[in-house]
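Asker: got a predicted structure plus its sequence, pasted below:
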Amino acid sequence: MTSKKIVKPGTSWLEVLERAQHAVLAAWEGPNKSLLNLIGGQWREPGRPRMLLSPIDGTPLGPYPMIDLDAAKEAVSLSAAEAGEWGKTGIAERKRRVAACVAQLRHHRELLALLLVWEIGKPYVQALTSVDRCIGGVEWYTENIDGMLGDRKPLGLISNVASWNYPMSVLVRSCSCRCCVVTL
């Protein structure tokens, strides 16, 4: 007996992909119309894309960018150069930029959750919780950063590897908000 997959209207992979492409059109404007990498402020297609299959049912999600070693070295070098400029950015401007990012995350909350569902197989309610936890964490840091900094200046960029259980919360909070935090 074969069970039939039931997908709520508006949540099929093709519908979610169309929404994602509409939200960040430039990320798909390469020659192959596949997802690009943002390197040095430009959307690029380095390396060899690899087909990603959804863990839900094996649906092909499309070619995902897999950068090669040279592209990774270049990206790290460009990021290091940008970090120097970011380090000169005052806390008020950092908070303004982070707040703008949070507004976009909130605006695309359901879309981000659906991407987590299709890409890593996270149940929908848990995916929404991941997005909400991410937004809440970034907001908390933004609201409390002044007291945490005291008279110290913020450092540059800080990042880490995201876990499966909280990919957005861990990674986005590190990249979007801890740019305001001094880590000893």
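Answerer: Structure's in. What do you need? No experiment lies behind these values; they were computed from the predicted model shown.

Asker: okay, CA-based contacts and neighbour counts for the rest of this
Answerer: Noted.

Asker: chain center to the longest helix anywhere in the chain: distance?
Answerer: When the chain is scanned for its longest helix (criterion: DSSP state H), the result is helix 124-149. Computed by Cα atoms, centre = their mean, to the nearest Å, the chain-centroid distance of helix 124-149 equals 14 Å.

Asker: which parts of that helix are buried?
Answerer: Within helix 124-149, the residues that qualify as buried are 124, 127-135, 137-139, 141-142, 145-146, counting by 16 or more other Cα atoms under 10 Å.

Asker: got the CA positions of the host helix or strand of Glu18 in CSV?
Answerer: Assigned by DSSP states H and E, Glu18 belongs to helix 13-23. Taking Å, rounded to 0.1, in the frame of the first residue of the first chain, the C-alpha atoms of helix 13-23 are listed here in CSV:
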residue,chain,number,x,y,z
TRP,A,13,8.6,23.0,-3.0
LEU,A,14,7.9,24.8,-6.3
GLU,A,15,5.7,27.4,-4.5
VAL,A,16,8.2,27.9,-1.7
LEU,A,17,11.1,28.2,-4.2
GLU,A,18,9.1,30.8,-6.2
ARG,A,19,8.6,32.8,-3.0
ALA,A,20,12.2,32.6,-2.1
GLN,A,21,13.3,33.7,-5.6
HIS,A,22,10.9,36.6,-5.5
ALA,A,23,12.2,37.7,-2.0
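
Asker: thanks again, I'm all set now.
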